[in-house]
Structure formats: structure tokens, C-alpha cells
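give me the fold of what follows.
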Amino acid sequence: MYENFSTFKITNRIFNECSFIFEKINPTPLQNMKILHLNLPLYKKLNFIEDQSNQLHFKNFINAELQSDQFVYASTYYSGHQFGHYVPQLGDGRATTLVEIQNSLGDFFELQMKGSGPTPFSRMGDGKAVIRSCIREYLASAHLKALNIPTTEALSLTIGSESVAREEIEKEGMVVRVAESFLRFGHFQFFSKLQDQSKLDTLLNFTIQNYFANISDSENKYYLFLKEITERTAELFAKWQCIGFCHGVLNTDNMSILGLTLDYGPYGFIENLDFNHICNHSDHQGRYSFGNQPTIGLWNIQQLAHSLNKYLSKDEITSITEIYSTAFFKHYRNNLKLKCGLYEEDQNDLNLLNNLQIALVNSKIDYTLFFRNLSYENFEEKLNSSSKNSKEIDQFIKDYKIRLKTESLSSSERSLKMLQNNPKFILRNYLAQICIEDHSQIELMFKVLTAPYEEWTEHEEWAKETPAKYCDLEVSCSS
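Numbering: from 1, shown residues only. Predicted structure coming up:
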């Protein structure tokens, strides 16, 4: 049946080999479903056929209305530490695995419906997603992809006619999200805590064989597996910190085994550099504040390591701390240098970057706009025009100009590279809110956010600081 609208091959490897992590369900299609937006580059990458006559088949496919024994229609078990406390059974409360496919290039992708109705893990919930959170995930995943930050993606954004109750009554929605795998730290924690060695063996070996094939034949493959996850996670968190992205709910069950940004709930981008910033108003203790994210990344890795203790020595588990810290600071420093257009090595760079961070914190200047303005040839003029410049910013500019004299690139060459590394546009909460309030803005916003380094002079207002009327926007776990 799927041949009517695609040329991909259905594989379903994990469902076939690790069926014990799944529970079959009957998804709940959206009523009177409409496609608000389609991620066309991803659509083509997955080998869907561009033909108007196949639209109905595709709509039925992403709304769980096609019946085929080749479709998975199942949700998975996992556990995890939520706000530091272990919860023995969680699971896909509003997500349903649709299918795993292989495209014409040989790449594998899992497709998962989020908002497809109750599952065995909905915990008294309705399993639905509200269109508000769907829009936020759809835009954010595409945006982070464009920012070169590893992430799950979203293929489609759809809306139904039914209403669902959250903090207020909202319309139902659904995203079909896509990743090589949606395996989480919590999947391994679940079977480890159950002491079900046979299932943990199967899941672990399947994961290494299919997603970490480069180490699958190594004698110490379990340690190398954890090491690679650690390094991927450290790099991901370093990229988040450099771009100013706050995840909001970094529970171990929201951690991707592939080092992807997973589960877009109460995320946000910082306006100014504030390490105490909390983007989730449900995080009353600030566990997942912007400044805490790197430490939480390590803590979560340590929980994963302990769940694999039957496969690792104590020394191997202990070594993870140093591996993570070394990888994080290497990527963080290198990314900050790229943001500043510093390509040569200089022994004083660490001091320069530390002083810059202090200046940014104290001045409360817009983080994204600062680096964008620093990217132009006339950066001094652009930065001096800011009303939030401080003596510390002025001192940084003086030191920075001296440091640039050691660079081999011309000012125009450096500017060109920096403009491709410092986005002009970032998904501020109010931009997502504009699309939530007016769905007709989604198409244009998607174009801008998936090309965030372009000038887009006709949309200059979207690059500016958040307007006063939107400054009190809050996000929570409600979705």
C-alpha cells in the first residue's frame, strides 16, 4: 500500500529484533486532519513521491489511517531519572512508532507519531498533543538542524478539529518526527533495573550492531559504545551552550543514545547570557537552568554508565567523567573561537573568551545579536551603536582588535566565515508564539529559521530583541 506514495523500503529492524521493548497500540487519528506544513527537504530525503494524486495516501499514512501489517503502530517501555528521581516505568505516553524505512541512499529512518492518542504509558493522560507544542517542536527541530546541531527532525505538522484540555482548552495536533533511532538512555535503564540480563544483552548488542557498527567487532565494544555516547553528548551540549539553547527537561529519559536533541518541551533560546536562566517554569529548583546543562549532561551519562555496569569495569565507568569534561570543554572552546572568528592558536585566547563571557553577563546585551554584529567588517561601529554596551564590552573590543592582528585572514574573509557561523535569526519564544497565534505565518517562519544565517532584510524585525508585549511568555511541560 505504501508503494502508492513512496519508493522507500520498510525495514523495521528494531521492532523485529527487539520487540520486547514495544507494546502494540491502536493509534487515534486526528479528526478532520489538515496538514499545516510539510518539511519538503525531509519529505524528498525519505523518498516520498512528489505527486498530487498521492496526497490522500500520504495524509492517511501520517494520520495512522492506513492499515498494513508492515506498519509497527507500537509504543516503547523505558524508565528514567526525572528531576533527579528515578521512576521505574515511563514510556511513550503520546508517541507511536509508525515504521522504520531505508531510503535509496541506504540510510535508515524511524518515523514516529507524536500526539497519536493514549498508549499503555500515558499515565491517565489522553496521549494527545496540542497544536501549540507541535508548532514549537516542528519549528525548533528544523531550526536546530539548520544550525548544525544534532537533532531529531519533523516531517509534518498537522492539526485536528478536536479540543484537548491542558492549562486551557486547545486544539489537537500531531507531528511525525524522524530520526535514525529514538532509543533513549531510559531504555537501557529500564532493563538494567529489572535485572533482565537477556533483554538488556539483546538491546545493547542490537544498538551497537546497527548504530555503532564501527565498534561492533571490537573486544571492548561496550566501553567504546559508552565512550562514543559520552563524546557525542558532550559535543551536543557544547553546541547548545554556544548557540544559547536551553532544553528545559533534561531527564535521562529525554536523552538520545545517538546524541540528538530529543523531546522539545519547554525549550528556549537565551536573550542575554544568563547562566541562571530557567526556560521551564515548572523547574522550581532550577535543576535544568542554562548554566547547569553541561553538568546535567555528565550526570545523565553517569546514570547510563551505572545501568551498564555488568559490561564495564569500575575504572571504565570512572573514566567517563574525564572523557566527558575533556570533550565538552574542547568543543565549547573551539565553537566560541569560531563565533569570534579566531582561527589561529593564541595562548591568551582562554583569558579573552572568559573576559568576553563576563562582559556579556554583566552588560545583558542580546547574545545572538552581539555575535552577529561581531561578524561584520564594521563590527566596532555596529557594537558601539548598542545601548547596552559596557566598559567591559568596550575593553573586549580593544583586546579583540589586538588579537585579530595575529590572524592570517583578511577582515572580509573573516567576516564571510563568521556570518556563516553566527545566525542572524534565532527561534525566540515570541516567534513561535506568532505562528501559534497565526498559522499562516508558519511557512514563512520555517523558511527564515531554516536559513538563519541569511540576511532576510525584508524580515529584519524578526532578528530584533523580543518586543515588550511578549516578554512575559512562559513555557512549561504542558503539551
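
residue 110 and residue 182 touch, don't they?
Yes. In this structure residue 110 lies within contact range of residue 182 using CB atoms under 8 Å: 5.7 Å. Yep, even glycine has a C-beta here, placed from its N, CA and C like the rest.

what touches both of those two?
Shared contacts of residue 110 and residue 182 (CB atoms under 8 Å, 6 or more residues apart in numbering): residue 97.

below-threshold pLDDT in the chain: ranges please.
Within the chain, the segments meeting pLDDT under 70 span 1-2, 387, 472-479.

so for it, the centremost residue is which one?
The structure's the chain has its C-alpha centroid closest to residue 261; by CA atoms, centre = their mean the separation is 2.6 Å.

what's across from that residue in the sheet?
residue 151 (DSSP bridges).

got the contact list for it?
Counting by CB under 8 Å, 6+ apart, residue 261 touches 141, 144, 149, 150, 151, 152, 236, 240, 245, 247.

if we use 10 Å, what do you get?
Residue 261 makes contact with 140-141, 144-145, 149-152, 179, 236, 239-240, 245, 247, 254, 267 under the criterion CB atoms under 10 Å, 6 or more residues apart in numbering.

which of the residues you listed lies closest to residue 303?
Residue 303 has its nearest neighbour among these in residue 254, at 12.3 Å by CB to CB.

distance of that closest one from residue 346?
To residue 346, residue 254 is 38 Å away according to CB to CB, to the nearest Å.

which of those two has more residues huddled nearby?
residue 254 (22 against 13; other CB atoms under 10 Å).

tell me how far the more buried one lies from residue 14.
Distance of residue 254 to residue 14, given as CB to CB: 19 Å.

one more: residue 283?
Separation of residue 283 from residue 14 (CB to CB) stands at 32 Å.

look at those two and report which has more neighbours.
Using other CB under 10 Å, the more surrounded residue of residue 283 and residue 14 is residue 14, with 24 against 20.

would you list every one of the helices in the stretch 201-350 of the chain?
Along the stretch 201-350 of the chain, counting by DSSP state H, counting those that start in this stretch, helices occupy 221-243, 293-307, 314-339, 349-363.

whoops, the stretch 51-200 of the chain was the one
With helices called from DSSP H, counting those that start in this stretch, the stretch 51-200 of the chain shows them at 55-62, 131-146, 185-193, 197-211.

wait, residue 228 sits on residue 215?
Yes. Using CB atoms under 10 Å, residue 228 makes contact with residue 215 at a distance of 6.9 Å.

higher neighbour count, the two?
More crowded of residue 228 and residue 215, by other CB under 10 Å: residue 228, with 19 against 16.

name the nearest residue to that one, sequence neighbours excluded.
Counting by CB to CB, 6 or more residues apart in numbering, residue 212 is the residue found nearest to residue 228 once chain neighbours are left out, at 6.2 Å.

quick one, what contacts residue 321?
With CB under 10 Å, 6+ apart, residue 321 has these contacts: 230, 298, 301, 302, 305.

so who does residue 87 touch?
Residue 87 sits in contact with 78, 79, 80, 81, 123, 186, 189, 251, 252, 253, where contact means CB under 10 Å, 6+ apart.

any of the residues you listed buried? List them.
Among the contacts of residue 87, those buried by neighbour count (16 or more other CB atoms under 10 Å) are 78, 79, 80, 81, 186, 189, 251, 252, 253.

ok, the closest residue to residue 390 other than its chain neighbours to residue 467 distance?
Residue nearest to residue 390 in three dimensions, not counting chain neighbours: residue 363, with 4.0 Å by CB to CB, 6+ apart. Distance, residue 363 to residue 467, by CB to CB: 21 Å.

which of those two has more neighbours?
Higher neighbour count among residue 363 and residue 467: residue 363, with 20 against 10, using other CB under 10 Å.

what sits against that one?
272, 273, 370, 386, 388, 389, 390, 391, 392, 393, 394, 396.

what is the nearest of the residues you listed to residue 330?
Lowest distance from residue 330 to the contacts of residue 363 (CB to CB) belongs to residue 273, with 20.7 Å.

excluding chain neighbours, give the residue nearest to that closest one in space.
Distances taken as CB to CB, 6+ apart place residue 360 nearest to residue 273, at 4.0 Å, with adjacent residues excluded.

tell me if residue 394 really is in a helix.
Yes. Per DSSP: H, G, I helix; E, B strand; the rest coil, residue 394 lies within a helix segment.
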